[in-house]
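Asks: got a structure for you, letters missing:
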């Protein structure tokens with residue numbers, strides 16, 4: 001009787017299973033070990049665990065010396081836990097030797113992981129940024145990295161000395177944090193950094209990714225919540241007749257680590273994805289909104305709902321960008337240039353049974369693109385005005401706080417106005 005081949009995951013990833021999701025299992029993303037199904041992982045968890053030796057082998061395959069280039073460790077760690085894209089599978093001989101990767105739908109074969117070229121470019125960008133960075137922006141020389149053990153426990157390893165500990169070491173590199181992920185040389189000695197440190201990480205990250213030069217108004221935006229939570233569903237064929245059944249899921253995006261957690265309804269398993277390919281590269285918080293369609297677990301999934309915190313942030317940021325857009329429109333029209341673009345053109349998505357736009361349906365990336373186009377027009381006709389506007393919107397947002405002081409002896413109340421830098425959402 002022919003043995004039925006077990007269902008395999010997308011080539012890698014992190015699976016949390018069981019009551020309380022007690023263990024984590026990294027599946028090899030760089031071809032040192034075969035991808036395992038959920039059943040195989042349960043039966044042989046020790047073979048699926050990655051240690052510092054495997055991480056050093058990965059670094060050597062990229063030509064990276066962690067002791068000389070510790071700022072590349074966060075990028076290597078992300079690739080260490082990167083799954084194969086949908087449709088790809090790892091090929092092995094009968095002896096278990098690695099033969100390459102196969103894309104089932106197209107038949108394309110590769111000798112290396114499909115995401116390797118993408119990470120090679122990111123490593124080169126990180127090296128270039130490190131060479132051009134000021135001395136104050138250069139990261140720590142520590143080479144600590146957080147890895148998961150055979151039973152899912154998290155341990156911190158020093159790639160230079162070989163030391164290991166269960167708690168974070170000073171300046172230990174755990175997960176990349178900031179407004180965008182994978183900031184080279186980033187340090188995270190605290191689980192919850194102070195607000196001012198978050199601002200500095202965000203500005204440095206935006207500068208590294210080129211957002212500050214392209215979108216100078218990014219520095220004035222409000223910090224997103226730590227987690228953006230959405231509900232969505234997709235149609236899946238089920239049964240002998242191929243009837244379509246709706247499968248619901250919860251998508252949680254961690255803005256600090258840049259990771260996605262997908263949980264299917266009716267299941268206690270969570271799938272952790274290091275990144276999701278999108279139209280403009282890896283999906284970030286700017287691409288997440290109600291109405292967005294993402295490829296989750298190989299299925300085109302539309303985001304239908306968002307929690308209150310996520311909806312509030314998207315609505316505030318969209319309102320801020322709309323005001324910037326309206327101001328640029330007035331400036332452009334003042335010089336006789338009539339733009340064909342109307343303010344607020346990136347309308348929020350509408351959902352079923354809702355007559356008004358969903359507050360979480362605003363496409364922030366489209367709004368950034370609209371503001372950028374008007375900014376380029378103003379640069380052409382009035383460079384001095386464009387520079388003044390750029391300096392104004394690049395400042396950290398300040399909010400005015402009204403404070404009342406009551407004098408019980410005199411029976412009077414005095415009101416003062418103070419500026420606060422710790423609140424986001426500045427309006428210009």
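Replies: That came through, no problem. Model, not experiment: these values are computed from the prediction.
Asks: Would you mind listing the buried residues in the helix or strand residue 317 falls within?
Replies: Assigned by DSSP states H and E, residue 317 falls within helix 308-334. Of all the residues in helix 308-334, those buried under the rule 16 or more other Cβ atoms under 10 Å are 310-311, 313-322, 324-325, 327-329, 331-332. (Glycine included, C-beta is placed from N, CA and C.)
Asks: How many residues are close by residue 299?
Replies: 15 (other Cβ atoms under 10 Å).
Asks: quick one: it and residue 368, what's the gap?
Replies: 28 Å (Cβ to Cβ, to the nearest Å).
Asks: what does residue 88 give?
Replies: 32 Å.
Asks: what does residue 118 give?
Replies: Applying Cβ to Cβ to residue 118 and residue 368 gives a distance of 22 Å.
Asks: Compare these two (neighbour count), which wins?
Replies: residue 368 (22 against 16).
Asks: close enough to count as contact, the more buried one and residue 221?
Replies: No. Applying Cβ atoms under 8 Å, one finds residue 368 not in contact with residue 221, separated by 9.3 Å.
Asks: hey, what's in contact with both of these two?
Replies: Contact criterion Cβ atoms under 8 Å, 6 or more residues apart in numbering; residues shared by residue 368 and residue 221: none found.
Asks: what about residue 124, how many neighbours?
Replies: By other Cβ under 10 Å, neighbour count at residue 124 equals 10.
Asks: and it, how far is that from residue 130?
Replies: 11 Å.
Asks: the bottom helix or strand of this structure by mean pLDDT?
Replies: helix 38-43 (a mean of 31; mean pLDDT, DSSP states H and E).
Asks: Buried residues, whichever helix or strand comes after that one. List them.
Replies: Later in the chain than helix 38-43, the nearest helix or strand by DSSP H and E is helix 52-61. Buried positions in helix 52-61, judged by neighbour count with 16+ other Cβ under 10 Å: 52, 54-56, 58-59.
Asks: Domain-wise, how is the protein divided?
Replies: Taking automatic domain parsing as the criterion, the chain consists of the domains 13-176, 310-399.
Asks: least reliable of the ones you listed going by mean pLDDT?
Replies: Lowest mean pLDDT of the domains of the chain: domain 13-176, a mean of 67.
Asks: Of the buried residues of helix 52-61, which is the nearest to residue 280?
Replies: Of all the buried residues of helix 52-61, residue 280 sits closest to residue 58, with 27.3 Å by Cβ to Cβ.
Asks: distance of that closest one from residue 266?
Replies: For residue 58 relative to residue 266 (Cβ to Cβ), the value is 36 Å.
Asks: Could you do residue 315 as well?
Replies: Remark: distance between residue 315 and residue 266 (Cβ to Cβ) = 31 Å.
Asks: go on, residue 319?
Replies: 37 Å.
Asks: same thing with residue 285?
Replies: Residue 285 is 28 Å from residue 266, by Cβ to Cβ.
Asks: Between the two, point out the one with more neighbours.
Replies: A direct count of neighbours by other Cβ under 10 Å for residue 285 and residue 266 places residue 285 higher, at 21 against 7.
Asks: The more buried one touches residue 224, doesn't it?
Replies: Yes. Residue 285 sits in contact with residue 224 when judged by Cβ under 8 Å, with a separation of 5.0 Å.
Asks: list the residues that contact both of the two?
Replies: With Cβ under 8 Å, 6+ apart as the test, residue 285 and residue 224 both reach residue 255.
Asks: which stretches of this protein form helices?
Replies: 38-43, 52-61, 73-80, 116-132, 195-208, 211-214, 308-334, 364-381, 383-393 (DSSP state H).
Asks: of these, which approaches residue 246 most closely?
Replies: For residue 246, the closest of the helices of the chain is helix 308-334, at 22.1 Å, according to Cβ to Cβ.
Asks: orientation of the closest one relative to helix 364-381 in degrees?
Replies: Using axes from the mean of the first three to the mean of the last three Cα atoms, to 10 degrees, one finds that helix 308-334 and helix 364-381 are set 20 degrees apart in direction.
Asks: name the helices or strands packed onto helix 308-334?
Replies: strand 227-238, helix 364-381, helix 383-393 (3 or more Cβ pairs under 8 Å, 6 or more residues apart in numbering; DSSP states H and E).
Asks: Tell me the buried residues in the shortest one?
Replies: By 16+ other Cβ under 10 Å, the buried positions in helix 383-393 come out as 385-386, 389, 393.
Asks: ok, so of the residues you listed, who is nearest residue 145?
Replies: residue 393 (37.4 Å).
Asks: That closest one and residue 221 touch, don't they?
Replies: No. With contact defined as Cβ under 8 Å, residue 393 does not reach residue 221; the gap is 9.5 Å.
Asks: okay, and the common contacts of these two?
Replies: By Cβ under 8 Å, 6+ apart, no residue touches both residue 393 and residue 221.
Asks: List the contacts of residue 280.
Replies: By Cβ under 8 Å, 6+ apart, the neighbours of residue 280 are 287, 365.
Asks: In terms of pLDDT, where does it sit?
Replies: 81.
Asks: just the one 3 residues further on next, same as before
Replies: At residue 283, the model reports a pLDDT of 88.
Asks: Not counting its neighbours along the chain, what's nearest residue 260?
Replies: Of all residues not flanking residue 260 in the chain, residue 273 sits nearest, at 4.2 Å (Cβ to Cβ, 6 or more residues apart in numbering).
Asks: partner residues bridging residue 278?
Replies: Counting by DSSP bridges, residue 278 is bridged to residue 281.
Asks: Let me know whether it touches residue 287 as I believe.
Replies: Yes. Using Cβ under 8 Å, residue 278 and residue 287 qualify as a contacting pair, with a distance of 5.3 Å.
Asks: Reformat the helices of the chain as JSON lines; add distance to residue 234.
Replies: What follows is these, written out as JSON lines (distance: least, Cβ to Cβ, whole Å):
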{"stretch": "helix 38-43", "distance to residue 234": "20"}
{"stretch": "helix 52-61", "distance to residue 234": "33"}
{"stretch": "helix 73-80", "distance to residue 234": "26"}
{"stretch": "helix 116-132", "distance to residue 234": "25"}
{"stretch": "helix 195-208", "distance to residue 234": "32"}
{"stretch": "helix 211-214", "distance to residue 234": "31"}
{"stretch": "helix 308-334", "distance to residue 234": "20"}
{"stretch": "helix 364-381", "distance to residue 234": "22"}
{"stretch": "helix 383-393", "distance to residue 234": "39"}
